[in-house]
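Give the three-dimensional model of this entry:
(chains A, B and C)
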Amino acid sequence: MIPKQLREELLDHVASAVTPREAAVEVMRALQAFYGWLTDEAVDEAAEILSLSPLQVEELATFYEMIYRRPVGKRVIHLCDSISCWSAGAESMMAYLRKSLGIDEGGTTENGIFTLVPCACLGNCGEGPTMLIGETLYGSLTPERLDQILEEEREGVRCLDN
Amino acid sequence: MSLFKDIKALLLGFWTTGKHIFLRPLTIEYPEQKRTPFPRYRARIVLTRDPDGGERCVACYLCSAVCPAGCISMQAAGQADGRRYAAWFRINFSRCIFCGFCAEACPTMAIQMTPDYEICNRKIMELVYEKEELLIDGCGKEPEYNFYRHSGIGIVNPRGGNVDEEPPVDVRRLVP
Amino acid sequence: MIEAARKAGIVIPHFCYHPALGSAGACRLCAMKFLEGPVKGIQMSCMIPAQDGMVVSTTDSEAVQMRSLVIEWVMLNHPHDCPVCDEGGECQLQDYTVAGGHAIRRYKGKKRTHNNQYLGENIRHEMNRCIHCYRCVRFYQDFAGGDDFGVMGRANLIYFGRKDSGVLESPFSGNLVDICPTGVFTDKPARFRARYWDYDMAPSVCPHCSLGCNTVPMARYRELLKTTARFNDKVNGWFICDKGRFGNDRVNSPERPRYPLIDGERVGWDEALEALVRRVGEVTRQYGTESIALVGSPRMSLEGNLLLGQLAACVKAGLLSYFIGAAEGEASMAASLLVGEKSRSMAEVREADCIALFNCDLLEEGPMMALAVRQAWRNGAKIFLVGVSSPELKKLPFEFSAVDLIDEVPFAGCKSPVIICGTASADISAVRKAAGAPAGVTFLFNAPNSFAAAMLAVESQSPAVSEALAGGKIKAVIAFEADIPADLPVGVELLAVADWMPTDVGRKAGIFLPVTSHLEMDGTFINNEGRAQRFKKVMNPGLPIKGLDPLLHPPRVHGKTPQGGDVRPSWQVIASLIERFGGERVAEPLDGKWAALRNLDPEGEGTRIS
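This is a model prediction of the structure:
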């Protein structure tokens, strides 16, 4: 269950939208931020807040790749595998990430920090290969830079936990 | 002149016939002697089994649809595991013209023609074969094929478990 | 463009386009080469409105190649299971694959698979067969207003189904079976039973409510396997409701009476009819013809009900009645009198701009009317619900505002207002009220031929049965397909029942005559708006071969009439009774002013009478 305050905020937001469906992404993102990922319970809650059926929320939730319907780590790495990044070496970056994190695409590290997901174009083609963690876009990736970014992100998570 | 021509034609005819007295006969003394037909000979129809021993016939009605004599009838039914089979299957051999269209139409290699041509009978009802009389314990001429290993709906193997299939999609998965 | 070509007699292949659902441009199969006009090159013909000056080629080699490639792509992931698929033989994908010339899969990659969902006892889900045309979800959510079935995922993960397995909630879910161009949704009760070319089928009319939706029932070996929708623009459009589609059990019921009975003993037809004439004679001698009641029924065909009037004249029966309850009879009679010019068809309801629901529970009394109202609502019509609103009504697939009285509905500013008024729970004043309002009217009755029965009842001024029986005068009741109460008053000495359904009163009858259901005869129903529609004989009557037990074969003996197949249409039974009571031989049941209906086209739109 989400806190009452969050629920009321979301209801207000939905009420201010022209149609409830319009606010669906914001509601799902808020619930995802609260639960870590969009749990089945969260889908039902979102449906209730949006006065849609759970199926209609599920349709949207499974459509957007940054709404997670499966458990994820605290940091989700979206590594672009579209044409520009691919030709700039995204494949070897993916291989490096797989090796250094010890997970496959879609997998989550054992300590629950990272989830690795390939994604389509992030609009940062000039600086490929590119990845997105949270709301931060990282371009011109190299193995060294990846190590550095991962360490920074780990540090960030550690700070948050403490 | 015409008389001479007639006699010549007559003698020629007798000569041609008489010649055969000294040649080996082409015919055989049936039923004392029997010929072995080629394997592709089209006679008595059988229903075969797949290499795993299951009935091949899925009662898809294609043989009965293609049969020009309209001598095949059946009723399809489903087993608990989703396998489709013929609850009853009947071929009326008194009507069958052994054209082989049914065997050609069969998508599961179930219905096949055998070289057994001796199925005459004076009692017509005995020429109406039911499934028990048609079904044999063997693959017939097609030793390999099992329809359900290729059909892609998860009967013999679990869904997505056939050689040419990916495992079932999880629509909620993280990887797009 | 597709519609323009269809009018010119050219079929353009397509999957995602549907006349009722519009274009989606999802399947890419309707590619045409546009040679002249505002657009040029290969285009999807469903997405381009036809215009003057366009020159379009369906046979241009580029277009043909495009279409054959599209078919090949569509078939990439399609399983190899046509022999065990129920759609095989009536599958659009199968037809177009053959037409496109695709036979060998060139792509060597693996096929995508999905797990299926349980969608209830009526619809079977096989998601591997899906070609992503989106017809199902466009119908289910947009057209029919369901919200528990939809499309999930994206790209190659696309999945059409429910959030979790479960029974589909929409009362129109069965249309998924018709609308799916391949075998993702198939009819579960008919699963594995027959192929399209083996079915006995004919144009028919749904008997489950008074709307008279057009159907094609499909039977095999004297068993009704499934019912599909038949297009009639004036009535149901393209679809039918689940009640009509999956309500096949009545006809197949093993309890159905199939032999004439005298006091429970099986007899021949002649014997039974003679006994009936003799016993009616006995009652007449003792009590006079006034004591004889003939009962027709709103579920019997027009032909039967018409001849019943002749039979009543023949025996000079004291009572000729078409309705059981007084309220139902009165309301139906009034409704049939009142509609006239104001009667609105379902097509007109779909185009109305203001609709008042008065005294009716739409999803109960005529589900397809709810779908028609939804289409009006989607086009911007205002819907008003008059009077009480029970929680059940909230399931209606459209938004409405509740008002207390019919007079509060603002009909004044509307071009084509319609009142939909039920007669099941309405009293006669409500019916008058509806008919008097300044709007078109659509009444809902409770049986397929209520309108005809009501018209005949008005003509013959006949009261309802229950009233007459209570009077105690009636000593003989002869009922045809009528649902009269089983506990008749003690004074009734003769009870003769003709019916095709097993009823309590039928079991009590002294003389029982088995008749055909509407699927085993030709006949006419008049629907709620007064539209006469012909239904054709779909199958022969008789006990079905149900060889589902592998040890059981169909009988190995041959006979002309199948076991239990000697049942006759009600109107023929009535006709032979007329003859036996000394009347003239009836060659043609539709006579006099009804003769115009003789040549009714069963595949046409029907004829509006009155």
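
helix or strand for B:Pro167, which one?
strand B:165-168 (DSSP states H and E).

C:Met346 is in contact with C:Met368, correct?
Yes - between C:Met368 and C:Met346 there is a contact at 6.8 Å, judged by Cβ atoms under 8 Å. The C-beta positions use only the backbone N, C-alpha and C, and glycine is treated the same way.

Common neighbours of these two, please.
Here C:Met368 and C:Met346 share the contacting residues C:211, C:236, scored by Cβ atoms under 8 Å, 6 or more residues apart in numbering or on different chains.

Show me the strands in chain B, by range?
Applying DSSP state E to chain B gives strands spanning B:45-47, B:72-78, B:84-92, B:111-113, B:128-129, B:165-168.

which one of the ones you listed lies closest to C:Gly309?
The closest of the strands of chain B to C:Gly309 is strand B:72-78. By Cβ to Cβ, the value is 44.4 Å.

which residues touch the closest one?
Strand B:72-78 is contacted from outside by B:58-61, B:63-64, B:84-92, B:102, C:191-194, C:221, C:545, C:547-548, C:550, C:554, using Cβ under 8 Å, 6+ apart.

Filter those down to the buried ones.
Neighbour counting by 16 or more other Cβ atoms under 10 Å in any protein chain shown classes B:58-61, B:63-64, B:84-92, B:102, C:191-194, C:221, C:545, C:547, C:550 among the contacts of strand B:72-78 as buried.

Show me what the top helix by length along chain A packs onto, helices and strands only.
Counting by DSSP state H, the longest helix found in chain A is helix A:143-161. For helix A:143-161, the elements it packs on are strand A:75-80, helix A:90-101, judged by 3 or more Cβ pairs under 8 Å, 6 or more residues apart in numbering or on different chains; DSSP states H and E.

Make TSV from the ones you listed and add distance to B:Ala77 to it.
Formatted as TSV, the helices and strands packed on helix A:143-161 follow (distance: least, Cβ to Cβ, whole Å):
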stretch	distance to B:Ala77
strand A:75-80	50
helix A:90-101	50
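
Of all those, which one is nearest chain C?
Evaluated with Cβ to the nearest Cβ, those place strand A:75-80 nearest to chain C, the distance being 14.9 Å.

number of nearby residues for the closest residue to chain A within chain C?
Nearest residue of chain C to chain A, counting by Cβ to the nearest Cβ: C:Asp147, 3.8 Å away. C:Asp147 has 16 neighbouring residues, counting by other Cβ atoms under 10 Å in any protein chain shown.

element containing it, please.
Going by DSSP H and E, C:Asp147 is not in any helix or strand.

now swap in A:Leu132 and tell me
Following DSSP H and E, one finds A:Leu132 within strand A:131-133.

Give me the contact list for that strand.
A:75-80, A:93, A:119, A:122, A:137-138, A:141, A:149, A:153.

middle-most residue in the chain, spatially?
Here I'm looking at chain A. A:Met66 (4.3 Å; Cα atoms, centre = their mean).

should've been chain C
Judging by Cα atoms, centre = their mean, chain C has its centre closest to C:Cys206, at 2.4 Å.

tell me the contacts of that one?
For C:Cys206, the contact set (Cβ under 8 Å, 6+ apart) comprises C:212-215, C:227, C:240, C:244, C:448.

can you list the residues of the stretch 201-350 of chain C near chain B?
Residues of the stretch 201-350 of chain C found near chain B (Cβ under 8 Å from any Cβ of the partner chain) are C:Tyr221.

how about the residues of the stretch 201-350 of chain C that lie near chain A?
So the stretch 201-350 of chain C never meets chain A (Cβ under 8 Å from any Cβ).

How are the strands of the stretch 201-350 of chain C distributed by residue range?
Remark: strands assigned in the stretch 201-350 of chain C by DSSP state E, counting those that start in this stretch are C:204-205, C:214-220, C:223-229, C:261-262, C:265-266, C:292-295, C:319-321.
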